[in-house]
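K.L.:
Okay, sequence plus prediction incoming.
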Amino acid sequence: MPAGKWLAFSVVGERRCLGVRRGGRWIVCPYEAVISGAAARDQCEACARLDRSRSVAADTMADDPRPYGVYLAYFGPGLVKVGITAAERGAARLVEQGAVAYAWLGRGPLMAARRAEAVLGSALAVPDRFAKEAKRAARGVLPAVAERRAELAELHARARGLPGWPETLEPVDFTFGDHSELFGLARIPADAAELGAMAA
């Protein structure tokens, strides 16, 4: 489809819980729970609780043997966060969060990645999350790619120079990734509106 062409679509039926991912596959929600069209989460409360019982994000799964990557995610000027993701996922987690640009800091065991995340948070006051409203507002005032790169490179250098870097976390040299083309940010009209709750 060419940019600027109108697109229409319809939504049929109810929004339902996606269930739980276990052993590399999705298990259907046993409650067939219906979820509000305005809900941010795609699971019912019961499935979400089960997911959190083996969640890296909830710090209930400290024994995960997979390697993890520590990253800096850029959403706009002054909006840079630190985070971790399973190395096998690559930049998928950054795309999910809407990171306009990013840089990897290191790679290693889960607890070493968690420690690096905590060190950055306390020493450099780099948060681990931003509200979606702040991220959305920042997209309208994005600086040029060179400025984004410079802000990430400066923070990357400061992070690598911090004492307390975990020995088991292998540092990664600065490389800049940018998602502005993937997201089509240059083509978004100024009067674009947020899509609210979907209903049939």
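P.N.:
Noted; the coordinates are in hand. Source: prediction; values computed, not measured. Numbers count the residues shown, from 1 in each chain.

K.L.:
Need the residue closest to the centroid of the protein.
P.N.:
For the chain, the residue nearest the mean C-alpha position is Gln97 (3.1 Å; Cα atoms, centre = their mean).

K.L.:
Would you list the phi and psi of that residue?
P.N.:
According to degrees, to the nearest 10, the main-chain angles of Gln97 amount to phi -80, psi -10.

K.L.:
which residues in this protein form helices?
P.N.:
Remark: helices of the chain, listed N- to C-terminal, are 45-52, 92-97, 110-123, 132-139, 145-160, 180-183; assignment by DSSP state H.

K.L.:
which one of the ones you listed is the most hemmed in?
P.N.:
Among the helices of the chain, ranked by average contacts under mean count of other Cβ atoms under 10 Å, first place goes to helix 110-123 (a mean of 19). (Glycine included, C-beta is placed from N, CA and C.)

K.L.:
Report the distance from that helix to the chain centre.
P.N.:
Distance of helix 110-123 from its chain centroid, counting by Cα atoms, centre = their mean, to the nearest Å, is 17 Å.

K.L.:
which one is Met1 nearest to, not counting chain neighbours?
P.N.:
Closest residue to Met1 in three dimensions, ignoring its sequence neighbours and counting by Cβ to Cβ, 6 or more residues apart in numbering: Leu7, at 6.9 Å.

K.L.:
Is His156 in contact with Tyr74, as I believe?
P.N.:
No - distance between His156 and Tyr74: 10.7 Å, which falls outside the contact criterion (Cβ atoms under 8 Å).

K.L.:
Which of the helices of the chain sits closest to Gly24?
P.N.:
Smallest distance to Gly24 across those (Cβ to Cβ): 14.4 Å, for helix 45-52.

K.L.:
And the contacts of that closest one?
P.N.:
Cys17, Leu18, Gly19, Val20, Arg21, Cys29, Tyr31, Ala33, Arg41, Gln43, Ala58, Thr60 (Cβ atoms under 8 Å, 6 or more residues apart in numbering).

K.L.:
Which PyMOL command selects the buried ones in those?
P.N.:
Buried residues within the contacts of helix 45-52, by 16 or more other Cβ atoms under 10 Å, are selected in PyMOL with:
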select buried, resi 17+18+19+20+29+33+43
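
K.L.:
Which one of the contacts of helix 45-52 is nearest to Gly121?
P.N.:
Each of the contacts of helix 45-52 was scored against Gly121 by Cβ to Cβ, and Ala58 proved nearest at 17.0 Å.

K.L.:
quick revisit: out of the contacts of helix 45-52, which are inside strands?
P.N.:
Per DSSP state E, strands hold the following members of the contacts of helix 45-52: Val20, Arg21.

K.L.:
domains of the chain?
P.N.:
Each domain of the chain is listed here as a residue range: 14-54, 56-187, per the TED database.

K.L.:
circling back: pipe the helices of the chain into TSV and attach mean pLDDT per row.
P.N.:
Compiled in TSV, these are given as follows (pLDDT from 0 to 100):
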stretch	mean pLDDT
helix 45-52	83
helix 92-97	92
helix 110-123	89
helix 132-139	86
helix 145-160	94
helix 180-183	90
